[in-house]
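Participant: Generate a structure from the sequence data that follows.
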Amino acid sequence: MLTALSFLVMLSVIVVVHEYGHYKVAVLCGVRVIKFSVGFGKPLFAWQLHPFRRVNPVTSSSSSSNLNTENTSTDREGSTKRANLLPDTAKTIFLISAIPLGGYVQMLDEREGSVPLDQTQFAFNQKSLKARAAIVVAGPVANFLLAILLYASIQWVGQMQPTAVLGQPLPGSIASLADLQSGDRIIGLRPLEEDVEFLPTPTYKEFVDALVEVKIQLQNNQKATESISAGQPLTNSPQWVELSIHKEGTKGRSPDISGAPGLEKSVDLSEIMSTRPTHTLKIDLSQWHLSEHVQDSPKELFLALKDLGLTGPRRAAVINSVLDEGVAKKAGLLAGDEVLRVNGASVSDAQELVHLIHKSVDGQRESEAADSKNDSIWEIKRNFGGKDTQINVVVKPRVIEENGKPIGRVDAIIGGNQELVFKRLGIWGGIAFASRLTLDQALMSLSSFKSMVLGQLSWRELSGPLTLAEYAGKTAQVGWASFVGFVAFVSVSIGVLNLMPIPVLDGGQLMYYLWELLSGSAPSEVWNARLTRFGLATVLLMMGAAVFNDILRLIG
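Facilitator: Coordinates of the predicted model:
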């Protein structure tokens, strides 16, 4: 029930805002809007404004074809009631229709039917090219503005975010070789060669964003230097970044995030900002290679951080949950167990524990797992009746293949608490953040569509209404901020999709106008009909592929 309701709310908001963009700009440009419908198919409910009054939805669906219809009344009571339900043809009819998978705005247009001479000045096709383009583009723009407003509202209210306390870097990685360790709190960073202040990084996201920005800046500086040097490669030149760090184990605060999962430790932002650094550390990013899509794609960003060796904000080495009939269950592990040591070696956090589990089966194949002797002795802390007790558990990870390599698994979700801070932005800060995020997601969507067209990305990545409904329900269960953020994300995607140069979409109409601007005349009726059929077939094909992918995900 929650899934269906969430999906309906999300789609209704996005559709209404999109169509309202078309409607509002059309009215401002002096175009007569006949209908504003949320949904397709049979009208269920109809009304008009100024003043508000209900009208007959069945009559409304056909009244637009006859602009000379006049409301009449008779002496008979039944006829009078029917007359009162007839729409005023001079006003827009607002409709809610039976199929809630979109909507439309119908405008007065001589290409779609006869228009009385005294009404031609209000016809869409009689307006200037600039006005028509503005009306068409207003729908997607409204979607982008909705996303900005929704994302900004989340920042205005505020959210709990993980602090910039690092998990254990991957062994042998750039981060590990630079001596970053579990529990290091990143206070700020800056390019070493520039005389600038440290950029504060109270949250992990701010740390990652700043690190990527600095790396891109260093890359651009290096390219500029190579250009000045007549193209001489300087790829071995170091790219130093200086980190201001509060290290765990030194005098001062260090995050204590032990304990049962779900009991996150929260700190005040002022407390983090007042933390004094205990060390500064230099890290050379010259061997860190970023994809051109790193700022547009969460997947590319994840891979880039993994390449650097960063494993995310520090989480306690706590068993969050165990799977039935799995390795952890059979070994006797329970949710809430905190892992202190594995084979006598201390475990600093969940990231290090996961790495040890993965590496525990090095060189083994899945077929050899049953005969292997890769038993591990885990020393854990468990709470018995309010008292902590340390016990040893023998765990034998199973072997699976991942990306062609054997890794160990214990069939448990690992990761306890992390340190969180409440972060809220002001009016303009929230708008700036939301605008950047909306732009990034729009560019990411464009990049994805381009990759699909070029065959670089599988069409299996397309998602349809079933997947959207599923995620709408899941985000609604998590909380209002997750749901609002998902609505904003879908709104951006809908806006970008509508700008695609496909006939029957807004982007296709804009291509017609571009042709008209360059050639001095609109496409002929013959070509218009052909392109419309092509566009409709393309959209139906995309929808079919998306629904097909949804079904495959559900059954498999």
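Participant: Can you name the next helix or strand after the worst-scoring helix or strand of the chain on mean pLDDT?
Facilitator: Here the helix or strand of the chain ranked lowest by mean pLDDT, DSSP states H and E is helix 77-85, holding a mean of 56. Using DSSP states H and E, the helix or strand that follows helix 77-85 in sequence is strand 93-107.
Participant: What's the mean pLDDT across that following strand?
Facilitator: Average pLDDT, strand 93-107: 88.
Participant: what's the angle from whichever helix or strand comes after that strand to strand 93-107?
Facilitator: Counting by DSSP H and E, the element after strand 93-107 in chain order, helix or strand, is helix 129-157. Per axes from the mean of the first three to the mean of the last three CA atoms, to 10 degrees, the angle that helix 129-157 makes with strand 93-107 is 130 degrees.
Participant: how about helix 129-157: buried residues?
Facilitator: 131-156 (16 or more other CB atoms under 10 Å). In this view, the C-beta of every residue, glycine as well, is placed from N, C-alpha and C.
Participant: Tell me how far the most centrally placed residue in the chain lies from residue 125.
Facilitator: In the chain, the centroid-proximal residue (CA atoms, centre = their mean) is residue 489; its distance is 4.8 Å. Between residue 489 and residue 125 the computed distance is 35 Å (CB to CB, to the nearest Å).
Participant: for the helix or strand hosting residue 46, packing partners?
Facilitator: Using DSSP H and E, residue 46 falls within strand 33-48. Packing partners of strand 33-48 (3 or more CB pairs under 8 Å, 6 or more residues apart in numbering; DSSP states H and E): helix 2-28, strand 53-55, helix 57-63, strand 93-107.
Participant: Shouldn't the residue nearest to the centre of the chain be within a strand?
Facilitator: No - looking at residue 489 with DSSP: H, G, I helix; E, B strand; the rest coil, it is helix, so not inside a strand.
Participant: Apart from its neighbours in sequence, what residue is nearest it?
Facilitator: Once flanking residues are discounted, residue 489 sits nearest to residue 441: 6.4 Å by CB to CB, 6 or more residues apart in numbering.
Participant: For that neighbour, which residues are in contact?
Facilitator: 147, 296, 489, 492, 493 (CB atoms under 8 Å, 6 or more residues apart in numbering).
Participant: out of these, which one sits closest to residue 191?
Facilitator: For those, the minimum distance to residue 191 (CB to CB) is 23.0 Å, reached by residue 296.
Participant: Show the pLDDT at that closest one.
Facilitator: For residue 296, the predicted pLDDT is 63.
Participant: ditto for residue 502
Facilitator: At residue 502, pLDDT is 88.
Participant: How many residues are close by residue 1?
Facilitator: 6 (other CB atoms under 10 Å).
Participant: Repeat that for residue 110.
Facilitator: Quick note: residue 110 (other CB under 10 Å) scores 13 neighbours.
Participant: So what's the residue count around residue 480?
Facilitator: So residue 480, with other CB under 10 Å, has 12 neighbours.
Participant: And it, how far from residue 488?
Facilitator: Relative to residue 488, residue 480 is positioned 12 Å away (CB to CB).
Participant: How about residue 191?
Facilitator: Counting by CB to CB, the gap from residue 191 to residue 488 is 33 Å.
Participant: now do residue 287
Facilitator: Taking CB to CB, one finds residue 287 at 36 Å from residue 488.
Participant: quick one: which of the two has more around it?
Facilitator: residue 488 (26 against 13).
Participant: for that one, what are its contacts?
Facilitator: With CB under 8 Å, 6+ apart, residue 488 has these contacts: 146, 147, 150, 151, 438.
Participant: go again using 6 Å as the cut-off
Facilitator: 147, 150, 151 (CB atoms under 6 Å, 6 or more residues apart in numbering).
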